[in-house]
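Colleague: heads up, no residue letters with this:
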């Protein structure tokens, strides 16, 4: 496997890892946080409970937003890696043609 292929695979691996992080963030925001908010409301009454739950909801929204950003970044990494891979392959092919191989 050449350097081009290794760099391409490394970039794709990092993009997969970033998507996994996004999955975990979404899971927290969509599953854990709503359950935690409900637990707070079930066990703690009053204005402070409402304030805490409001802050937890905002944090959940930020987690969702960051998950979307992570996915967009992963998609960009994949796209750039693919474009560079093809460009480097074409360059290698052109060099071989010029050198008469």
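Modeller: In hand now; what should we look at? Not measured: the values here are computed from a predicted model.

Colleague: What's the mean pLDDT across the longest helix along the chain?
Modeller: The helix of greatest length in the chain, counted in residues with DSSP state H as the criterion, is given as helix 47-98. pLDDT averaged over helix 47-98 equals 94, rounded to a whole number.

Colleague: Of all the residues in stretch 80-98, which ones are buried?
Modeller: 81, 85, 88 (16 or more other C-beta atoms under 10 Å). (Glycine included, C-beta is placed from N, CA and C.)

Colleague: and what of stretch 22-39?
Modeller: 22, 25, 26, 28, 29, 33, 37.

Colleague: Using the three-state scheme, assign the fourth one.
Modeller: Looking back up the chat, that one is residue 28. Judged by DSSP: H, G, I helix; E, B strand; the rest coil, the three-state class of residue 28 is helix.

Colleague: who touches it in this structure?
Modeller: By C-beta atoms under 8 Å, 6 or more residues apart in numbering, the residues touching residue 28 are 60, 63.

Colleague: Look up how far residue 56 lies from it.
Modeller: As for residue 28, its distance to residue 56 is 11 Å (criterion: C-beta to C-beta, to the nearest Å).
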